[in-house]
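**Student:** 3D model of this:
(one chain, ligands or ions: 1)
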Amino acid sequence: MPRPFAAPRAVVAISTDRVEREGHATHAGFHGYVHAVSAVAGALPLLLPSDAQALDADTLIASVDGVLLTGSPSNVDPARYDAPRPHAAMTLDPARDAAILPLLARLVEAGVPLLAVCRGFQELNVAFGGTLHPAVHTLPGRLDHREGDHDRPVERWYDDSHALRIVPGGRLAQLAGCEAVQVNSLHHQGIDRLGAGLRIEAVAPDGLVEAFSVADAPGFTLAVQWHPEMRVDDSPLARALFSGFGQACLARRDERLRSLSNRTS
Ligand SMILES: N[C@@H](CCC(=O)NCCCC(=O)O)C(=O)O
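**Tutor:** Next up, the predicted model:
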């Protein structure tokens, strides 16, 4: 029996991966994102298909109260930032790139709250003109940011992996209420060049950018390289991120419903 809700909740669109299932094109996403949006952000999660023909920025801006860009084993195509593909086996998702990347600047400019996680963090950096390094662990002085031995049980993949230094005075510092914390890490790629107008919010001990926001965005924007969605049941930082995102989405919902009622009165 679904939980009764007193008022309409905010609506958050969650990005998906275009994958094949039994030979058919499928739009898929990890449950952790749905759980975090519903249970902590308090919003109604809707899945956003990775289909450029199905999506348009104007309708999203008018209809949703927030967008969550999810992680994925797939990678942003290096051609999107004029880089060569490091190896033929690199997992790509051109349908997701084509659907999501063209929307991001418009959504940010319109003040739609945006939370970007892992691949989503990398997408937002590329959408603002930044670039990625495909294999951070091969760089001198960098940590190995991958999830490690896959023999580990999957429920251990999202355990804390490295420290994080949060830059004082930013949105993440305000949400976290501290300047040092531990986070998980499940990524091969990392920021090489930070996109234009992006503000660093946190770095790893090896200096890799782990969080940023859009400096002059009218609304909530936060991009994180780690996975808070899988830790909302035990990590205060993860809960603070999704609660803050949820508050921003609620404010957007109120603004959206107000403007709708003004137009119809
Ligand atoms: N493939 C990219 C991004 C890594 C990423 O999003 N990992 C998460 C995978 C599963 C999940 O969403 O929990 C890279 O390797 O850098």
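
**Student:** how about the residues of this structure near the ligand?
**Tutor:** 30, 70-75, 118-119, 186-189, 227 (C-beta under 6 Å from any ligand atom). Heads up, the C-betas are built off the backbone N, CA and C, glycines and all.

**Student:** one more time with 8 Å, if that's ok
**Tutor:** 30, 32-33, 70-76, 91, 117-120, 122, 132, 136, 145-147, 157-158, 186-190, 227, 229-230 (C-beta under 8 Å from any ligand atom).

**Student:** from the residues you listed, which land in strands?
**Tutor:** Val117, Leu132, Gly190 (DSSP state E).

**Student:** with neighbour count, pLDDT and distance to Asp17 added, can I get the residues you listed in TSV?
**Tutor:** Listed next are those as TSV, based on neighbours: other C-beta atoms under 10 Å; pLDDT from 0 to 100; distance: C-beta to C-beta, whole Å:
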residue	neighbour count	pLDDT	distance to Asp17
Val117	27	98	13
Leu132	23	98	18
Gly190	25	98	20
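
**Student:** ok, back up a step: filter the residues of the chain next to the ligand down to the buried ones, PyMOL style.
**Tutor:** To isolate the buried subset of these in PyMOL, counting by 16 or more other C-beta atoms under 10 Å, use the following:
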select buried, resi 30+32+33+70+71+72+74+75+76+117+118+119+120+122+132+136+145+147+157+158+186+187+188+189+190+227+229+230
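
**Student:** on that earlier part again, what's the closest of the ones in strands among the residues of the chain next to the ligand to Ala62?
**Tutor:** Distance to Ala62 across those (C-beta to C-beta) is lowest for Val117, with 24.6 Å.

**Student:** quick one, what contacts the closest one?
**Tutor:** Val117 is in contact with Tyr33, Leu68, Leu69, Thr70, Gly71, Ala223, Val224, Trp226, His227, Pro228, Glu229, counting by C-beta atoms under 8 Å, 6 or more residues apart in numbering.

**Student:** nearest the middle, which residue of this structure would you pick?
**Tutor:** For the chain, the residue nearest the mean C-alpha position is Ala116 (1.6 Å; C-alpha atoms, centre = their mean).

**Student:** isn't it right up against Leu222?
**Tutor:** Yes - between Ala116 and Leu222 there is a contact under C-beta atoms under 8 Å: 7.3 Å.

**Student:** ranges for the strands of the chain?
**Tutor:** 11-15, 17-21, 24-28, 44-48, 66-69, 114-117, 131-133, 162-166, 180-183, 190-193, 198-203, 209-214, 221-224.

**Student:** to Ala57, which of these lies closest?
**Tutor:** strand 66-69 (10.4 Å).

**Student:** show me what the closest one is packed up against.
**Tutor:** In terms of contacts (3 or more C-beta pairs under 8 Å, 6 or more residues apart in numbering; DSSP states H and E), strand 66-69 is packed against strand 11-15, helix 94-109, strand 114-117, helix 119-127, helix 236-264.

**Student:** and these: which comes nearest Glu179?
**Tutor:** helix 236-264 (11.7 Å).
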